[in-house]
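Asks: Sequence plus the predicted model coming up.
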Amino acid sequence: MQYDPIKDVFSNTMDLFPQLRKLFFMMLDTILLRQRYVKKYINKYLPPDQDTRFYDAGAGFCQYSDYVMKRFPQSRVFAVDLKTDYLSAYHYALDSKLKQRFSFKAADLQDFRPTYSYDMVVAIDIMEHIEDDISTLQNFMYCLKPGGRLIISTPSDTDEAAKFTAEHVRPGYNKSELEAKLQNCGFEIEDSIYSYGFWGKLAWQMMIKKPLTWIGVSKYNLAFLPFYYLLILPLSLLFMNLDLRGTNKTGTGIIVVAKKPENWII
């Protein structure tokens, strides 16, 4: 399945109606379980009252950049993606104060190293798109401050849907394999869990898989989605909360938090 054309539909709609961006981000928070996991660990590890630098690697729509700037008022955010149109559209929609704290660049994460050092890097659902993941992880290590953290969200190798996603270069990761790659690059593993376990997978099928399939058939099916979500939302939210609060022995997603050692010497 190709997801980029579907993302472009949302992006083009927000370009036409900029006021919908906030609503779109709220929708993503509601239907995407991984955003709940990622924000949980951002809140756990990013200092709330300090001047922090946040690197959104593979930023996409910049929903994590937006979250950090608004929740952490002293933060400065740098976003990178291959798609300049998404980045520039988000920047254009910001008010003047937030624009002063946000910068962006179109770049390939496999060979790009930022100028500044960062307290946190997030790489959310991008590692499965990157051929040279080792170089990318080394670049993340390079730009983190000692003690800084990298948060990765990626499909696991048990995710059948990931195997048929056209934009993926690998069908997800084995959790131990990803941990080993991070450790070989010098990272210390702080958290490593499965997301989208039994309950999360059910929620994903209801909230994501079916609607995206309908949109893929015709963009006009977007008009019916509000009515569909009204019907399935309460049960789906329950399933997501069960997944988030439980301990998954396995799952179709992986969340890893890795730390650059405090005593790191290049």
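Replies: Looks like it came in fine.

Asks: Residue 239 - nearest residue in space that isn't next to it in sequence?
Replies: residue 203 (3.9 Å; C-beta to C-beta, 6 or more residues apart in numbering). Every residue, glycine included, has its C-beta placed from N, CA and C.

Asks: List the buried residues in the helix or strand hosting the one you found.
Replies: Using DSSP states H and E, residue 203 falls within helix 198-204. Residues of helix 198-204 classed as buried under the neighbour-count rule (16 or more other C-beta atoms under 10 Å) are 199, 200, 201, 202, 203, 204.

Asks: Sketch out the low-pLDDT regions of the stretch 151-266 of the chain for me.
Replies: 159-168, 266 (pLDDT under 70).

Asks: Flag the shaky bits of the stretch 1-150 of the chain, pLDDT-wise.
Replies: Those would be 1-17, if you go by pLDDT under 70 across the stretch 1-150 of the chain.

Asks: re earlier: what does the helix holding residue 203 rub up against?
Replies: 33, 196, 236-237, 239-240, 242-244, 246, 248, 251-253 (C-beta atoms under 8 Å, 6 or more residues apart in numbering).

Asks: got the CA positions of it in CSV?
Replies: The C-alpha trace of helix 198-204 is given here as CSV (Å, rounded to 0.1, in the frame of the first residue of the first chain):
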residue,chain,number,x,y,z
PHE,A,198,-3.3,-7.2,21.1
TRP,A,199,-5.4,-4.2,22.0
GLY,A,200,-3.4,-1.7,20.1
LYS,A,201,-3.6,-3.7,16.9
LEU,A,202,-7.4,-3.9,17.2
ALA,A,203,-7.6,-0.2,17.6
TRP,A,204,-5.3,0.3,14.6
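
Asks: Distance from the chain centre to it, please.
Replies: Chain-centre distance of helix 198-204: 18 Å, with C-alpha atoms, centre = their mean, to the nearest Å.

Asks: Can you give me the buried ones in stretch 179-199?
Replies: For stretch 179-199, by 16+ other C-beta under 10 Å, it's 179, 181-182, 185-187, 192-197, 199.

Asks: Please consider this matter closed, and thank you.
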